[in-house]
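>>> the following comprises the amino acid sequence and a computationally predicted model.
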Amino acid sequence: MMLRAVTFDAFGTIVDTGREVLIQVARAACEENRPGLSPEKLLEVWDRYFFGAETERFLTLREVTSDALAKAFADFGIGADPEPYIETLDGLWLQAQAYPEVAGVLASLDGVPRAVVSNADHEFLKGILARNGLRFDAVVTSESAQSYKPRPRIFEMALHALRARPEQVLHVGDSLQADVEGASRLGMRTAWVNRSGLRRGRTDPTPDFEVESLAPVPAIVRELRERG
């Protein structure tokens, strides 16, 4: 079925504050509280609690991120308050700038319906997109969906907004778990943005495409549209 629309993750995909910002915060937490602990190990546990969060009421991104970090701290015997680290993280995210190629890529996709699908608080993300002059047909956040990637509801809301079936949409994102796995479950095609040259593990989800930046995305879209 011909491609009709494209969805994009935000952080680490179209704006330049992705996983490296989380590593930066994890590194500060380790250096200040447990110098022998690897920041990557702390982030791995932090991620596990974040993506596995199940609560009776929906938590905003800030709330669930703070709760997950507190649990990770407890696992490693760190007694620090997570809030100063979440404040630092928020500040870094607020400074987010679009990657250099993004404006040109979006211009090349003019006429192709597109949406942002992001684990983010709604007004927070809309402000970042507005400051960067980035316009989309829809902005679907975890807060507006009351659900986080990789769960299906946030993707389903984007599909509804774009009036497209899963197989008609390419999802572009930098997270194998949140983006590739989440979108693939619904039957969306996926492009993994691997800016850091990471190697996929044997058990990691497999994207349909792997790119080092968004620059190749218009060509991928043209190819998929031509396939019909």
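Received the coordinates, thanks.

>>> can you pull out the strands in the chain?
With strands called from DSSP state E, the chain shows them at 5-8, 114-118, 138-141, 169-173, 189-193, 209-211.

>>> how far off centre is the last one?
This means strand 209-211. 16 Å (CA atoms, centre = their mean, to the nearest Å).

>>> likewise for the second one?
Here strand 114-118 is found 10 Å from its chain centre; the criterion is CA atoms, centre = their mean.

>>> please identify the buried residues of that strand?
Of all the residues in strand 114-118, those buried under the rule 16 or more other CB atoms under 10 Å are 114, 115, 116, 117, 118. Just so you know, the C-beta spots here come from the backbone N, C-alpha and C atoms, and that holds for glycine as well.

>>> output those as a markdown table; include the columns pLDDT.
A markdown table is the format used below for the buried residues of strand 114-118 (pLDDT from 0 to 100):
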| residue | pLDDT |
| --- | --- |
| 114 | 98 |
| 115 | 98 |
| 116 | 98 |
| 117 | 98 |
| 118 | 96 |
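
>>> just confirm residue 125 contacts residue 118, I think it does.
Yes: counting by CB atoms under 8 Å, residue 118 is a contact partner of residue 125 at 5.7 Å.

>>> spit out the residues that contact those two alike.
Common contact partners of residue 125 and residue 118 (CB atoms under 8 Å, 6 or more residues apart in numbering): 10, 139, 141.

>>> and the second one, how far from residue 198?
By that I understand residue 139. According to CB to CB, to the nearest Å, residue 139 and residue 198 sit 27 Å apart.

>>> same deal with the last one?
Here the distance between residue 141 and residue 198 works out to 25 Å (CB to CB).

>>> ok so, going back, quick one: which of the buried residues of strand 114-118 is nearest residue 75?
Using CB to CB, the shortest approach to residue 75 within these belongs to residue 118, at 27.1 Å.

>>> for residue 141 and residue 198, indicate the residue with more neighbours.
Shown here are residue 141 and residue 198; by other CB atoms under 10 Å, residue 141 has more neighbours (25 against 13).

>>> ok so, going back, show me which of the shared contacts of residue 125 and residue 118 is closest to residue 45.
residue 10 (23.8 Å).

>>> which residues does the closest residue to the closest one other than its chain neighbours contact?
Residue nearest to residue 10 in three dimensions, not counting chain neighbours: residue 118, with 3.8 Å by CB to CB, 6 or more residues apart in numbering. Residues near residue 118 by CB under 8 Å, 6+ apart: 9, 10, 11, 125, 139, 140, 141, 142.

>>> perfect, that will be all.
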